[in-house]
Every structure is written in C-alpha cells, then in structure tokens.
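1. Show me how the following folds:
(one chain, ligands or ions: 2)
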Amino acid sequence: MQPLRGTKDILPKEIQKWQQIYNIANNILSIHNYQEIRTPIIENTELFKRSIGNFTDIVNKEMYSFNDQGARNITLRPEGTASIARSLITNKLYTEKTVNRLWYLGPMFRYERPQKGRQRQFHQLGIECIGSNMPMADIEVIKLANDILQQIECKERYLLEINSIGNIEEREIYQFQLIEYLKKYESELDIESKNRINKNTLRILDSKNSKTQEILKTAPKLKTYLSKTSLKHFDTICEHLTYLKIKYKINNYLVRGLDYYNYTAFEIKTNNVSQQNTICGGGRYDNLIKQLGGPKIPAVGWAIGLERLLILMQNNLKIETNTIYITVENLNKVSILWDIIDILKEYELQFELDLSNNSLTKQIKRAHQLKSKICLILGENEIKNKSITIKWLNTGTQQNIKLSSLRKYIEYLKKI
Ligand code: ATP
Ligand code: MG
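-> Numbering: from 1, shown residues only. Ligands and ions are numbered 1, 2, ... in the order given. Predicted coordinates for the structure are as follows:
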C-alpha cells in the first residue's frame, strides 16, 4: 500500500525537526503576544471561494472539495487565513481585543503536481495581526518571519521581496490600463497569461515566460497608480526594514496569487532556482473580514511552507541517544523493575526496556546497536540481592550498586 500521491508520512526520525520548528515559533511568537489558534481542517467551500477569489489557481484547480453525507459542499483548507478570518467573525474575537495577534501551524491541501517542495498535503506556519492599519503592523509581522528564519538557521541565504499593490480602487484603474495595453499583444502572450487577461490580470505580472516578461517591460506600472497614502504606507515599511537591517528587494511585479491582498505584498525567497524557492508569502488584507460578513477590520499576515523550510534547515540537530537500555534476565520475575522505572521517571531519564526475553548477551548487544551509553543489567543475582549492574557501553566499565542507592548514584552522575 502506498500513501496518496503528494502526501508523506512524517516519520519518528524526522519528528524532532518538526517539534523544533514548533518550539521556536511558539517561543518567539509568545514573546510577541501572538496566540496559537487551531481551526478545523474542513470548512464550507464557500468560505474559500469568497475569500481567495474565484479566478485564482487555488479555487480554480487546486481545491480538495467534496459533498458530505448531508450534501454539504466541503473543502479541505488550502490555506489558513480564510479560516482564521472566519473564526474571528464566528467567535467575535474582535470584541475582546482591538488587535488580535494569532498564529497557527497545520496541514493544508492543494491538488498540485507533486515535486520537491510541493505536495498535496503540506504544512504551513502562519501568523495574522488583525486590527491595525498601521505600517508598524506590517513591519512587526515581517520582522517575526525574519526572526523565525534566523533562529532556524537556514543553510541558504534568503531575501525578502516586497511590493505595494495599492487599494482596490487604485488596482481597478491600473488593471483597466493593463488590460488595454496587454490586449495589443494578446497573440504574443503565453497561453496562461492570455487566459488571465480578463480574469486575473495582475497575476500576468508574475509570469515566468520570457516573451511575456519582455512585453511587460513597457507596460503601465502599478506604482504610478498608487495614491500618496499607499506610497507613504509602503515607504514607512521600507524605512523600518532598513533600520532593522532586514535586507529586501522591491519587486514591482510581485502581486501574489490570492485576491484578498491590498497595499503590502511580500515573499521570502532563497536564490536556489532549481527548486520551489518561495518559503514565505504574505501581505495586508484590509477587506477580507468585511467581505466575509464581519466588521471592517484591517489585517496583515504571512504563511511559511514548512516542507520547504525543512529542506533549508541546517542539519544541526544532534540525534542523541541518551536512552538507558534496561536488560532483564527473566522478565516475568522482576518486580523491582517497576521501582527502577519509577526512579528513572522521577529524574526524567529516558529509558527503553528490552521486551525480547532473549539472553542477557543478546540484549546487551542490542543496546550497543542502539548506541545507548548506559545499560542496566538485571540478572538472577541482581534480582536476588536487590541490586543493579550498570554498564557503560562506550568504555565497557561496569559496577554493581544497591537499588537503595540508585537515587544517590543518579544525583552523582548529574553533577559530573
Ligand atoms: P507557489 O507559487 O510556490 O505555488 P503559493 O503562492 O501558491 O506558492 P502561498 O499560497 O503564498 O503559496 O503559500 C505560502 C507558502 O506555502 C509558500 O510560499 C510555500 O512555501 C508553501 N506552499 C504553498 N503551496 C505548497 C505546496 N503545494 N507544497 C508545499 N508547500 C507549499
Ligand atoms: Mg501555488
């Protein structure tokens, strides 16, 4: 039996890294008063259609949607922001606080062609700062992405790319001009861009096709359609990023795939072009919550793709086996085993009990194979006189101590 295409098991040997990412995120984000939120993995399909946008790739071709037994149309969440906006409204979180700082980590689902760094079930870590329209909120979230990436010690360099896509009115005027311009070159555009002209025009800016890029060089520029307010918002962010020494590149073609963004759009990319190199995507979304039936509350956030982040993580995790291996000559006869286990638990020492009931020699060999440092031996003699033989596997030295002095022995070990 194989897992579904585009899905992967996260095995015990990999889980430490996942836990490390969770812990780093939890630490940094808690310090900044971001609180974890866990929303359901399934939502009404309508939620994603209304928030992400009908003409986007996600809604158009990537959603896992199905009808449940009650004929409800349901979708496995393709991203986190829509659900969080929904939850904010459902639970009226905005009445408790003017600014809600939230974070999440969990699986997302998109029907895409699987490749390195692209799966059908993947995981995102994301944050949302909901309730402020100040540029400071944008800077706070960008800084937090940077803080987390720094602490995770990515082995490759990454760079923040940032753009302002203005507000809806500015974008509409611009879009109109862009359509006019592109229509003149329609026959020369790549197929995908051609399809996007009337539906998702701005995404054409993002095209990787060289002919399309050439045409775009002389196209109207979004920036020239931005109002003073939009430009000021953007400039303030850039000033602070410079102060914070967070390197960034202004990318006038960056628009992002989702409909709900306004003003700030950003991505963090590595310069490795041979694989999926966008690790984080985010931006400001001041209209989404109203659009979903809530009050008008501005917000800004991002999501990091964890599978892509894991590829970049330094292999600086030492896989330590400090496990104490317990070997027993006759498993069914040793009640003092429970006393030993209780003491190890009390001192939070990790242990593994050999359950094979094989000969002691075989069990000790197993301890060697598992690279344990210490092996506890409970043979017939030990059991008779309530003692334990402690064998240090790296040196081969061993000593016999009374069960009653095990605590003292551990305390002594802890000091050296
Ligand atoms: P891409 O252009 O690579 O498809 P996207 O713009 O669709 O990315 P977002 O919706 O911005 O991605 O999601 C944020 C992050 O989630 C991405 O930068 C990426 O790291 C990760 N991500 C998105 N889709 C996938 C996927 N199918 N598999 C693994 N990670 C993904
Ligand atoms: Mg995508």
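2. List, one by one, the residues from the stretch 301-416 of the chain near ligand 1.
-> Counting by CB under 6 Å from any ligand atom, the residues of the stretch 301-416 of the chain close to ligand 1 are 303, 305, 307-308. Quick note: C-beta positions are derived from backbone N, CA and C, even for glycine.
3. Then the chain?
-> 79, 110, 112, 117-119, 122, 124, 257, 276, 278-281, 303, 305, 307-308.
4. of all the residues of the stretch 301-416 of the chain next to ligand 1, which comes closest to ligand 1?
-> residue 305 (2.2 Å; CB to the nearest ligand atom).
5. List the contacts of that closest one.
-> By CB atoms under 8 Å, 6 or more residues apart in numbering, residue 305 lies in contact with 117, 122-124, 276, 278-280.
6. out of those residues, which are buried?
-> 117, 122-124, 276, 279-280 (16 or more other CB atoms under 10 Å).
7. Okay, and which of those residues map to strands?
-> Using DSSP state E, the members of the buried ones among the contacts of residue 305 that fall within strands are 122-124, 279-280.
8. possible to save the residues of the stretch 301-416 of the chain next to ligand 1 as TSV with pLDDT?
-> Converted to TSV, these look like this (pLDDT from 0 to 100):
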residue	pLDDT
303	98
305	97
307	95
308	93
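9. which two in these are spaced the farthest apart?
-> The most widely separated members of these are 303 and 307, with 12.4 Å between them, by CB to CB.
10. Filter the residues of the stretch 301-416 of the chain next to ligand 1 down to just the ones in helices.
-> Residues of those located in helices (DSSP state H): 307-308.
11. Pop the domain breakdown of this structure in here.
-> Using automatic domain parsing, the domain parsing of the chain gives 12-167+227-313, 324-415.
12. Point out the most buried one among these.
-> Counting by mean count of other CB atoms under 10 Å, domain 12-167+227-313 has the highest mean neighbour count of those, with a mean of 18.
13. which residues touch residue 293?
-> Neighbouring residues of residue 293 by CB under 8 Å, 6+ apart: residue 89.
14. Checking it next. Helix, strand or coil?
-> On the three-state scheme (DSSP: H, G, I helix; E, B strand; the rest coil), residue 293 is labelled coil.
15. Among the contacts of residue 305, find the lowest-pLDDT one for me.
-> Lowest in pLDDT among those is residue 276, which has 84.
16. for the closest residue to that one other than its chain neighbours, what are its contacts?
-> Sequence neighbours aside, residue 117 is the residue nearest to residue 276 in space, at 3.5 Å (criterion: CB to CB, 6 or more residues apart in numbering). Contact analysis of residue 117 by CB under 8 Å, 6+ apart lists 275-276, 305, 307-308, 311.
17. what do you get for residue 239?
-> With contacts defined as CB under 8 Å, 6+ apart, residue 239 has no neighbours.
18. so it is in which element?
-> For residue 239, the host element (DSSP states H and E) is helix 228-243.
19. Following element in sequence after that helix, please.
-> In N-to-C order, the element after helix 228-243 by DSSP H and E is strand 248-250.
20. What is the longest helix of the chain by residue count?
-> Across the chain, the helix with the greatest residue count (assigned by DSSP H) is helix 12-31.
21. quick one, what contacts the residue minimising distance to the centre of the chain?
-> Geometric centre of the chain, nearest residue: residue 125, 2.9 Å, by CA atoms, centre = their mean. Neighbour list for residue 125: 21, 25, 103-105, 148, 303-304, 306, 309 [criterion: CB under 8 Å, 6+ apart].
22. If it is in a bridge, with which residues?
-> Note on residue 125: beta-bridge partners residue 105, residue 304, judged by DSSP bridges.
23. how close does it get to residue 108?
-> 11 Å (CB to CB, to the nearest Å).
24. For the domains of the chain, could you give me JSON lines that also reports distance to residue 207?
-> Output for the domains of the chain, formatted as JSON lines (distance: least, CB to CB, whole Å):
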{"stretch": "domain 12-167+227-313", "distance to residue 207": "9"}
{"stretch": "domain 324-415", "distance to residue 207": "52"}
